[in-house]
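S.K.: What shape does this take:
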Amino acid sequence: MPFLTLQKEGKTIEVAQGANLRKTLLQHGISPYKGLDRILNCMGNGICGTCRVEVADGKGVSPMTPMEEAALVGFIPFYVRSVPQHVRLSCRIVVTGDVTVTTSPVVGIDRTLTKQRLTMLAIWSFFGGIFLFVVVRLLIEIATGR
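M.R.: Modelled structure (predicted):
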C-alpha cells in the first residue's frame, strides 16, 4: 500500500492503491480547503478549483486531465489563477504510489490574462447588448405591424 506524506502537517498515512486523495484527507481530519473554501466548494466534483494541493514531485498520482487543468485556472470569466507547477486538485487525484503533498499551496492571480478576459467580456457584452436590442426592436415592430 502506498504512503501519503503530508509536509505541512508532518504526517505519513498509509492509503489504499487507487484511493481518492480528497476523500482520504477528509477521512483523516485534514482539510484540503483554506478559509471560506471549507464551506464554499463543489464537494469533490472537480469544478471549483478550491481543494488544491501541491504534489512534491508529480509522481505517485494519476495524470492531470484537461477538466482539472481548466478548473485550476478558473472557469469564472473575471479572473485567471496563476497556478505553480505540480499544483493539482485533490478531488481529481487517484493515488497510484507513494506521494508527498503540501496542502493549501499559495496560488495568485495572473493579472495579464485577467485583464485580457475582462476586456473580451466587455467587448462581448457590448456587442451582445446591441444585438439583443436590435432583435427585440424587430420583434416589437413585427408584433405591432409597423
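S.K.: drop to CA atoms for contacts and neighbour counts, all remaining ones
M.R.: OK.
S.K.: Now the helix or strand encompassing residue 117: average pLDDT?
M.R.: Remark: residue 117 resides in helix 111-144, with elements defined by DSSP states H and E. In this model, helix 111-144 has a mean pLDDT of 91.
S.K.: Kindly report the same for stretch 100-107.
M.R.: Stretch 100-107 comes out at a mean pLDDT of 88.
S.K.: so who does the residue nearest the centre of the chain touch?
M.R.: In the chain, the residue lying closest to the centroid (Cα atoms, centre = their mean) is residue 49, at 2.0 Å. Residue 49 makes contact with 68, 71, 72, 73, 74, 89, according to Cα atoms under 8 Å, 6 or more residues apart in numbering.
S.K.: excluding its backbone neighbours, what's nearest the fourth one?
M.R.: Taking Cα to Cα, 6 or more residues apart in numbering as the measure, residue 73 lies nearest to residue 81, with 4.8 Å between them; neighbours along the chain are not counted.
S.K.: and stretch 55-73, C-alpha only, in PDB?
M.R.: Provided in PDB are the C-alpha atoms of stretch 55-73 (Å, rounded to 0.1, in the frame of the first residue of the first chain):
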ATOM      1  CA  VAL A  55       2.400  17.200  -5.300                       C
ATOM      2  CA  ALA A  56       6.100  17.400  -4.400                       C
ATOM      3  CA  ASP A  57       7.500  15.600  -7.400                       C
ATOM      4  CA  GLY A  58       4.400  14.900  -9.600                       C
ATOM      5  CA  LYS A  59       4.800  11.200  -9.100                       C
ATOM      6  CA  GLY A  60       2.500   8.600  -7.400                       C
ATOM      7  CA  VAL A  61      -0.700  10.200  -8.700                       C
ATOM      8  CA  SER A  62      -2.900   9.900 -11.700                       C
ATOM      9  CA  PRO A  63      -2.200  12.300 -14.700                       C
ATOM     10  CA  MET A  64      -3.900  15.700 -14.900                       C
ATOM     11  CA  THR A  65      -7.000  15.800 -17.100                       C
ATOM     12  CA  PRO A  66      -8.000  18.900 -19.200                       C
ATOM     13  CA  MET A  67     -11.100  19.300 -17.000                       C
ATOM     14  CA  GLU A  68      -8.800  19.500 -13.900                       C
ATOM     15  CA  GLU A  69      -6.500  22.000 -15.600                       C
ATOM     16  CA  ALA A  70      -9.400  24.200 -16.600                       C
ATOM     17  CA  ALA A  71     -10.800  24.200 -13.000                       C
ATOM     18  CA  LEU A  72      -7.400  25.100 -11.600                       C
ATOM     19  CA  VAL A  73      -7.000  28.100 -13.800                       C
END
